[in-house]
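Enquirer: My questions are about this predicted structure, shown below with the sequence.
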2 protein chains.
Amino acid sequence: MLKYQQIAAELETYIEEKALQQGDKLPILETLMAQFEVSKSTITKSLDLLEKKGVVFQVRGSGIFVRRHKRKGYISLLSNQGFKSDLEDYQLTSKVIELDVRKPTIEVADNLNIGLGDDIYYVARVRYINGQTLCYEESYYNKALITYLNKEIVSESIFHYIRDGLGLKVGFSDMFLHVDQLNEEEANYLHLRPGAPKLYVETIFHLTNGQPFDFSKVTYNYEQSQFFLQANSSM
Amino acid sequence: MLKYQQIAAELETYIEEKALQQGDKLPILETLMAQFEVSKSTITKSLDLLEKKGVVFQVRGSGIFVRRHKRKGYISLLSNQGFKSDLEDYQLTSKVIELDVRKPTIEVADNLNIGLGDDIYYVARVRYINGQTLCYEESYYNKALITYLNKEIVSESIFHYIRDGLGLKVGFSDMFLHVDQLNEEEANYLHLRPGAPKLYVETIFHLTNGQPFDFSKVTYNYEQSQFFLQANSSM
DNA sequence: CATTATAATTGTACCGGTATAATTTATCAA
DNA sequence: TTGATAAATTATACCGGTACAATTATAATG
């Protein structure tokens, strides 16, 4: 692990353990430099990372402060790799509806940037949180990149497998959100009535080299869906 | 304007003018260094900024590439300051429903981190896009920070006024999203039927020094609401 | 021709420095 | 005590360097 990532992780742990609140001040740069025995630029890099993650904010001339929000039970829209730590207190399970290899539709081929003759893995799942339906998810994986999937993998964390099992590096993703009403099929999967509101999210996941490897369509149960998002200035 | 911001802006213009597409390669670091006559770290800083904004992605050993998505008409959830450039082709207007100074509720005081006796500006607006209702918005401004508002300001861009008129620096924001059904009042403002789906977003805006200055509740017309979001790795 | 080893390319990590801008604290005057 | 002014604190901009890791291009090999 890189120094600046390690330091960022340690600072995050420190904030967590000390239960620091919004506005609490961290040691100044010079102190952190001495404490971790690295140069200023490395500390700065760690802090920039934490700032990007929404853990701290820095004020020139003043200091480095903890950034916290008070609300619990919200899912971070930006936790790229499935539902990370936000819901770690909750029981997350999946039921696999379907898993097969097939050819892409035009829509899928376009989003994955592949040809109509190429193979994809199709995965359909219902995901549960504390026994309640959370979402219905259809995913399309470029088989040239995600070379193998089976039911065991798919019922656990696919992204964990992609990173650790396949050794691929997940980069960035583009998400498209819509609000609409459930159709019959979706209502059925989510145990809601047709016409109930839904959040519908399409995401294109890319590797660090820019190749799209996963196009997914997720329909959320509006009763379980509380999302949060941290934005920074100059965006 | 800072060098690295200036360079980032110029690169963005360059990408725009040349109509570069996803995956197109930019000149290599060394070339950019020479071209802009700055050090490597300044160029790197510019590129990191553009990467954060979702304009480019960098691949070690390979190059710097343009990041683009194909879909039009989506509102960026992260454009902090109202609806920025995403909708610049569209006609955006506002109707002010209410504007007054009042005392906060407990909820508002809590989110703005002020006392119940402090003053706030209350602003209610309906916003239109191409003549269609886009959202109903209620905002609560800490009057100690946003010292003055009037109907002219409020019917235009409030954030523009906050930056340029008041000289304040907008920092980060926390957003909380819910999906639900419209109540009667909201339906009335948005010209939709009660019970129709809605996206409901609460946002707390902070200055760069961490002070919350604006707590806002926005209810979106689901027919007009298409949002996009760009996420990066290690978040 | 395919495969493997090697070299060249290219971005990233990390160092350590100077200068500067924003903020806070201390000092002084009224 | 207040308000202005100066000084100290603290993060940020920018420089320029070395070493390194990931990728890509080239050469060698069978």
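Expert: Structure received. Numbers count the residues shown, from 1 in each chain, chains lettered A, B, ... in the order given.

Enquirer: show me what contacts whichever residue of chain A sits closest to DNA strand C?
Expert: Closest approach between chain A and DNA strand C, counting by CB to the nearest atom of the strand: A:G61, at 2.1 Å. For every residue, glycine as well, the C-beta is placed using N, CA and C. By CB atoms under 8 Å, 6 or more residues apart in numbering or on different chains, the contact list for A:G61 is empty.

Enquirer: Against B:T208, how distant is it?
Expert: In this view, A:G61 and B:T208 are 11 Å apart by CB to CB, to the nearest Å.

Enquirer: Next: A:Q5.
Expert: For A:Q5, the distance to B:T208 - CB to CB - is 25 Å.

Enquirer: Neighbour count for these two, which is higher?
Expert: B:T208 (16 against 13; other CB atoms under 10 Å in any protein chain shown).

Enquirer: Quick check: that one touching A:N232?
Expert: No. At 10.0 Å, B:T208 does not count as touching A:N232 under the criterion of CB atoms under 8 Å.

Enquirer: what is in contact with those two at once?
Expert: B:G171.

Enquirer: And for the residue of chain A found nearest chain B, nearest residue in space, chain neighbours not counted?
Expert: Nearest residue of chain A to chain B: A:P197, at 3.3 Å (CB to the nearest CB). Closest residue in space to A:P197, ignoring its immediate chain neighbours: B:P197 at 3.3 Å, by CB to CB, 6 or more residues apart in numbering or on different chains.

Enquirer: got it, and A:I7?
Expert: The shortest distance from A:I7 to any non-neighbouring residue, by CB to CB, 6+ apart, is to A:S46 (4.1 Å).

Enquirer: Would you confirm that that neighbour contacts A:A8?
Expert: Yes. If you go by CB under 8 Å, A:S46 and A:A8 touch, sitting 4.3 Å apart.

Enquirer: Chain A: strands as residue ranges?
Expert: All strands of chain A, identified by DSSP state E, fall at A:56-59, A:63-66, A:75-76, A:92-102, A:120-129, A:132-142, A:170-181, A:197-207, A:212-221, A:226-231.

Enquirer: Turn these into JSON lines, columns for mean neighbour count.
Expert: JSON lines is the format used below for the strands of chain A (neighbours: other CB atoms under 10 Å in any protein chain shown):
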{"stretch": "strand A:56-59", "mean neighbour count": "20"}
{"stretch": "strand A:63-66", "mean neighbour count": "18"}
{"stretch": "strand A:75-76", "mean neighbour count": "20"}
{"stretch": "strand A:92-102", "mean neighbour count": "13"}
{"stretch": "strand A:120-129", "mean neighbour count": "20"}
{"stretch": "strand A:132-142", "mean neighbour count": "22"}
{"stretch": "strand A:170-181", "mean neighbour count": "21"}
{"stretch": "strand A:197-207", "mean neighbour count": "21"}
{"stretch": "strand A:212-221", "mean neighbour count": "23"}
{"stretch": "strand A:226-231", "mean neighbour count": "19"}
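
Enquirer: sorry, back to before: what's the local residue count around the residue nearest to A:I7?
Expert: A:S46: 25 neighbours (other CB under 10 Å).

Enquirer: same question, A:N188
Expert: 13.

Enquirer: For chain A, give me the ranges with low pLDDT.
Expert: Counting by pLDDT under 70, chain A contains low-confidence residues at A:80-89, A:234-235.

Enquirer: List the buried residues of the helix of greatest length in it.
Expert: Criterion DSSP state H: the longest helix present in chain A is helix A:3-17. Buried residues in helix A:3-17, counting neighbours by 16 or more other CB atoms under 10 Å in any protein chain shown, are found at A:Y4, A:I7, A:A8, A:L11, A:E12, A:I15.

Enquirer: One more: stretch A:158-168?
Expert: Buried, per 16+ other CB under 10 Å, within stretch A:158-168: A:I158, A:F159, A:Y161, A:I162, A:L168.

Enquirer: circling back: can you give me the distance of the residue nearest to A:I7 to A:S62?
Expert: Taken as CB to CB, the span from A:S46 to A:S62 is 18 Å.
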